[in-house]
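Participant: Quick one: sequence plus predicted model below, questions after.
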Amino acid sequence: MHKCAEYVFAYIAALKAGAAYLPLDITYPDSLLKSVLDEVKPAVVCITSTNSLNNFPENTPLLLLDEDGKWLLSFEEEKQEKIEEINCDDLAYIVYSSGTTGKPKGIKCPHRGAVISYKWRFLNYPYSDDDIEACNVFFVWEMFRPILQGITLVIIPDSVIYDPHSLCNFLAKNQITRMLFTPSLLEMVLDTQDEETLTRAFQCIRIVILCGEVVTCALLERFIRHFPHVRCINLYSISECHDVAVADLNEFYNNKNERRQFAPVGKVIEGVKILILDEKTMKRVPIGVPGEIYVAGPTLAIGYINRPEINAERFVPLPEEYQKEMGSQRMYRTGDWGYLLPNLVLEICGRCDTTVRIRGYSVELQAIEAALLNLNHVRSCTVISIGNEGEDKQLAAYIVLRDKQITRKQLRAQLKRVLPFYMMPQYFIFMEKLPLLAASSKIDKKALPSVNFARDVVEIDALPQTENEKELAKIWIEILHLGSNGHLDIQESFFDMGGHSLLAARLLNAVNTRFGSHLGMRELFTAPTVYAMAKLLDGSQTIERSSPEQIIDLEQQIEANDLKGDIMDLHLRAFWRATEWKKRFHAANVFLTGVTGFLGSHLLAQLLSSSKTKITCLIRESSNNNNETVEERLLSTMKRNGLFNEKIGEENFREQVRVVSGDIALVQFGLSDETLILILP
C-alpha cells in the first residue's frame, strides 16, 4: 500500500499479533511480486482500496481496509490462537533487496537489531516534547521511531516527496523539526528552490539525518551555510546490520582543516562491532590501511530467506581469534571497502563487489545482467554504473544481441516486466562482442567503450518541429545528459530516456524558468513526452488531472575519499596497500609527497604503470639546486632509479604528473589558496 496511516496501523498490528512484517513495493512488476509472495507465503497481505486486486496472484489472502474503515477478507477468517511470547531473537520483519541472480533476496531481521538501534539513537539524539518528525524515505525503519517515544509522526505522501516545491511547502506547513533525506534528495531541494522557499521549509527543522549515499563536502558546506541552526547527521546503515556508524557533520565541518571530497561515516555505534580485514589473510589491517568491512555483534540479521548459498557467502564465521573481543561467532561481509582513522572514525572508500548505491537503493549489477540474459534476444551482456560517489549515478548495459532487429525501446519494455524501476539501465549499448581479458576470459570492463550519451538521429521516430518542442528538447537533452549533439524523440517518455524523480524536479525547474510556467510533477507524469508537454505549454491541449492515487502510482514507477590521515605516511601506506590489493581503491586525483626519495619515486612509478590517475607531487625547494626546477629534480630521480621503461616514459610522466613547490610542514603546505584548490579539488 501507499505510505499512509493504514500502513503504520498494519505494521503495528502485525507485531502485536506476534507476526513478522514484510513491506511490499507496489511498483514491483507482477512477476516479481508473485516470486516474493511464493517465497514468503504470508498469512495475509494488507492492502487499501487504492491497490488493484489484479496485481496479486490468484488465491493470495488479502485483508482490505476500505475507505469506510471496514475490514474485508478475501479468505475465510480463522480463530486466533493464543500468541506466544516474543523475544528479541524472533523474526521482526523481512525486507527485500536486489540479488546477484536477478531474484531479490529477503533479509530476515530479528527484533534485537531494531531495539539496539532505536535505544542508541534515542539516547544520543533525544526527542523534545514538541518535535514533529516527517517520514517517507526508508519508511519501514523510520516510521516507528517517533511513535515509540510518543512523538508526532507526519507521513509525507509519495506525491510530495520528489516534488521539491511541494515538499518545502509541506515541511513549512507542518512545522517539521526532524527528517531523514538521502543526499540526492537534499541536493535536489537545494538546487531547485529559491532562498525564501528554503528558509520557510527549514525554519523549524532541528535535525537532518543523511543516509543511503555518501555525503559530499560540497553538499554539506552548502547546507550548513544555508542552515547553521540545523544539526546534520551522517548515518551509515545496512539492511543486514541496521545502524552501524554515525557522524556529527556540524562538528566535522567546524573542525576540518583540510580540503576533501567526502564527509566521514563516523564512529561505530555502541553495541556494534566492526573488523577491517585483509581479503587474502582475513587478518585485521593496521589503522589507516583499507580493507573489507565486516560487521559483528547482536544487530546482525538472521540471514536470507531460502538462500543457503548466499548466507554462507555473506554471513561468515568470525575468526576464532576475534570471537572473544567481538562477543560473537559470526560476522556479515558488507562488501564495503574502508579504513579506520587514528581517532577510530570510519571512512568508506567504495565497494568491493558489484553492488552500487543509486539514489539510496542498493543495486546488484549482476541482478540486472541476469535479467537481461533471461531475455531471448540477448546473447551476452555486462552492466556498469557511471558517475562518481556522491553524484547522480546512472546504469549502462553493454549487450550482444541474438536478434539484431530488436530496438532499445523493445528491450527496455521487456526488462520493465521483471525489474524494479530503480534497476533499469538508462543506456543500452549494442556491441558485436564484449572485450575479454586474455588471462581469465572474463569481461574486461576497462576496455568497454565510453557511453556515447548523444543519440543517433536514425533512432529517432519523431524530431521536434515547433518552437516549443525545440526549446523543450534542448532542456531535456541537457537534463538527461544526451550530449550537445544529441537528438531526442519527442514521442518518447522522459522516464524511458533515463529520467527519474530527482531529474524530474530539475527538468521542471528548468522548464518553468524558461517558459514562466507552473508545471508540477503531476503535469510531467500525465505529459511525459516533449510532444505532450509542448501541447500543454501552448494551450492547445488540456490534460485531465488524474486522481492522487493514480499520480502516486506513476511517481513510484520512477524513481577514494582523500584519506584523512593525521600524518601523510598514512596516506602513502594506505594507497600503496590499496594499489597492491587489485586496485580496489580508485581515485581520480592522488597527492604525493616524498617522491624524490627511494620509496616515493617507486610508488609514483607504480601508479604511472597501473592507472591513468592524475598525480600531484609536492616537492620542497632545495638550496643546493638553484638552477634546477622541482620537476627537473623529480625527473632526475626517476631516471637515476631506472624507473622509466616500456610502460612508463617521460610522455606518461608529463601527461599524468603535476609537480608543485611546497613544504608539508607549512600551513597549507606553503601553497596559495588558488593552488591548493587546483590540486585538491
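Facilitator: Sure thing, it's come through.
Participant: Closest to the centroid, which residue in this structure?
Facilitator: For the chain, residue 357 is the residue whose C-alpha lies nearest the centre (Cα atoms, centre = their mean; 2.9 Å).
Participant: Quick check: phi and psi at that residue.
Facilitator: For residue 357, the backbone dihedrals (degrees, to the nearest 10) come out as phi -100, psi 120.
Participant: Per-residue pLDDT of it, please?
Facilitator: On the pLDDT scale, residue 357 is placed at 73.
Participant: State the distance from it to residue 614.
Facilitator: Applying Cβ to Cβ, to the nearest Å, the value for residue 357 to residue 614 is 25 Å. The way it works is simple: take the backbone N, C-alpha and C, and place the C-beta from them, glycine included.
Participant: And for residue 620?
Facilitator: From residue 620 to residue 614 the distance is 21 Å (Cβ to Cβ).
Participant: the helices in the stretch 1-150 of the chain, which residues?
Facilitator: 5-16, 30-40, 111-124, 139-142, 144-148 (DSSP state H, counting those that start in this stretch).
Participant: got the angle between the longest one and helix 5-16?
Facilitator: Relative orientation of helix 111-124 with respect to helix 5-16: 120 degrees, computed using axes from the mean of the first three to the mean of the last three Cα atoms, to 10 degrees.
Participant: Numbering from 655 from now on, please.
Facilitator: Yes, from this point I'll number from 655; that puts the last item at helix 765-778.
Participant: Tell me how many other residues surround the residue lying closest to residue 762 once chain neighbours are set aside.
Facilitator: Closest residue to residue 762 apart from its sequence neighbours, by Cβ to Cβ, 6 or more residues apart in numbering: residue 956 at 4.1 Å. A count of nearby residues for residue 956, using other Cβ atoms under 10 Å, gives 19.
Participant: Run me through the strand neighbours of the helix or strand residue 863 falls within, direction for each.
Facilitator: Applying DSSP states H and E as the criterion places residue 863 in strand 861-865. If you go by DSSP bridges, strand 861-865 pairs up with strand 832-835 (parallel), strand 885-892 (parallel).
Participant: Show residues contacting that strand.
Facilitator: 779, 791-792, 831-837, 840, 877, 884-891, 903, 1014 (Cβ atoms under 8 Å, 6 or more residues apart in numbering).
Participant: which residue packs closest to residue 1062, ignoring adjacent ones?
Facilitator: In space, residue 1062 is closest to residue 1082, 4.6 Å off (Cβ to Cβ, 6+ apart).
Participant: Quick check: bridge partners of the one you found?
Facilitator: residue 1051.
Participant: Wait, it touches residue 1048, no?
Facilitator: No. Using Cβ atoms under 8 Å, residue 1082 is not in contact with residue 1048; the gap is 12.0 Å.
Participant: quick one: pLDDT of residue 835?
Facilitator: The model's pLDDT for residue 835 equals 92.
Participant: Quick check: the gap between it and residue 901.
Facilitator: For residue 835, the distance to residue 901 - Cβ to Cβ - is 15 Å.
Participant: same thing with residue 1071?
Facilitator: From residue 1071 to residue 901 the distance is 41 Å (Cβ to Cβ).
Participant: Compare these two and say which is more crowded by neighbours.
Facilitator: For residue 1071 versus residue 901, the count of surrounding residues by other Cβ under 10 Å is larger for residue 901: 22 against 12.
Participant: Tell me the gap between the strand or helix carrying the more buried one and the middle of its chain.
Facilitator: Here residue 901 sits within strand 896-902, counting by DSSP H and E. Strand 896-902 sits 16 Å away from the centroid of its parent chain (Cα atoms, centre = their mean, to the nearest Å).
Participant: angle of it against helix 765-778?
Facilitator: Going by the same axes, to 10 degrees, strand 896-902 makes 20 degrees with helix 765-778.
Participant: Can you mark which positions in the next helix or strand after strand 896-902 are buried?
Facilitator: Downstream of strand 896-902, the first helix or strand assigned by DSSP H and E is helix 903-909. Applying a neighbour-count criterion of 16 or more other Cβ atoms under 10 Å, the buried positions in helix 903-909 are 903, 904, 906, 907.
Participant: Residue 1021: which of these is nearest?
Facilitator: residue 903 (32.1 Å; Cβ to Cβ).
Participant: Hmm, that closest one is touching residue 884, no?
Facilitator: No. Assessed by Cβ under 8 Å, residue 903 is found out of contact with residue 884, at 10.1 Å.
Participant: Which neighbours do the two have in common?
Facilitator: Joint contacts of residue 903 and residue 884 (Cβ under 8 Å, 6+ apart) are residue 878.
Participant: which residues touch residue 821?
Facilitator: 810, 814, 815, 843, 855.
Participant: Which parts of the stretch 1005-1154 of the chain are helices?
Facilitator: Counting by DSSP H, counting those that start in this stretch, the helices of the stretch 1005-1154 of the chain are 1019-1027, 1062-1070, 1121-1133.
Participant: just checking, what packs against the first one?
Facilitator: In terms of contact count using 3 or more Cβ pairs under 8 Å, 6 or more residues apart in numbering; DSSP states H and E, helix 1019-1027 is assigned the packing partners strand 1032-1040, strand 1048-1055.
Participant: Show me what counts as buried in that helix.
Facilitator: Result for helix 1019-1027 [16+ other Cβ under 10 Å]: buried residues 1019, 1020, 1021, 1022, 1023, 1024, 1025, 1026.
Participant: How about the last one?
Facilitator: By 16+ other Cβ under 10 Å, the buried positions in helix 1121-1133 come out as 1122, 1123, 1125, 1126, 1127, 1129, 1130, 1131, 1133.
Participant: Report the separation between the second one and residue 1192.
Facilitator: Put plainly, it is residue 1123. 10 Å.
Participant: Over to residue 983?
Facilitator: Taking Cβ to Cβ, one finds residue 983 at 68 Å from residue 1192.
Participant: higher neighbour count, these two?
Facilitator: For residue 983 versus residue 1192, the count of surrounding residues by other Cβ under 10 Å is larger for residue 1192: 13 against 10.
Participant: my guess is the more buried one meets residue 1125, correct?
Facilitator: No. If you go by Cβ under 8 Å, residue 1192 and residue 1125 don't touch, sitting 11.1 Å apart.
Participant: Now do the closest residue to residue 1161 other than its chain neighbours, the pLDDT please.
Facilitator: The shortest distance from residue 1161 to any non-neighbouring residue, by Cβ to Cβ, 6+ apart, is to residue 1133 (4.7 Å). Residue 1133 is assigned 84 on the pLDDT scale.
Participant: And for residue 745?
Facilitator: Residue-level pLDDT assigned to residue 745 equals 93.
Participant: what's near enough to touch it?
Facilitator: 674, 762, 763, 764, 956.
Participant: which of those residues lies closest to residue 1317?
Facilitator: residue 763 (52.6 Å).
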